[in-house]
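>>> I need the structure of the sequence given here:
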Amino acid sequence: MDFLKTEIGYPDEALGQVYDAKALRIARDAMLYNKHVRGANVAKKKVRTAPKLVKPGKAKEKQEANSQRKAELRKRLRRSGSVDDAAAYLLERMS
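Residues are numbered from 1 along each chain as shown. The predicted structure follows:
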């Protein structure tokens, strides 16, 4: 009944005359709906964007990544012996 007084603005005299169960059920449903809507607004305010995911371990340095790339190209050249692999290896060494 406090909900009807404070939120809806029913006077005490009108509340004293309510004997219908349907009217009380409608008032209760309205109260629960208002609680739900207010709770949803609070939940939306609490949501924030998550920080970027960082994988564990040490970050590879650019030089280390380049040396690994050169080693891979060298292995491929030794296995295949193709001119294309040789050109890729030499270009990587020059850069």
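>>> chain center to the helix or strand residue 66 falls within: distance?
Using DSSP states H and E, residue 66 maps to helix 62-80. Distance of helix 62-80 from the chain centroid (CA atoms, centre = their mean, to the nearest Å) equals 38 Å.
>>> show me what secondary structure element comes after that helix.
helix 83-94.
>>> what average pLDDT does that next one get?
Average pLDDT, helix 83-94: 89.
>>> pLDDT on the strand or helix carrying residue 32, on average?
Secondary structure from DSSP H and E places residue 32 in helix 21-46. Helix 21-46 carries an average pLDDT of 77.
>>> buried set for it?
Neighbour counts using 16 or more other CB atoms under 10 Å place 27, 31 of helix 21-46 among the buried residues. Placement of C-beta: from N, CA and C, glycine included.
>>> domains in the protein, by residue range?
2-46, 62-94 (automatic domain parsing).
>>> quick one: closest of these to residue 54.
Proximity to residue 54 (CB to CB) singles out domain 62-94 among these, at 17.5 Å.
>>> residues touching residue 29, list them.
The contact partners of residue 29, by CB atoms under 8 Å, 6 or more residues apart in numbering, come to none.
>>> and residue 52, helix, strand or coil?
coil (DSSP: H, G, I helix; E, B strand; the rest coil).
>>> okay, now it: neighbour count?
Residue 52 has 5 neighbours, counted by other CB atoms under 10 Å.
>>> do the same with residue 66
By other CB under 10 Å, the residues close to residue 66 number 14.
>>> all set now, cheers.
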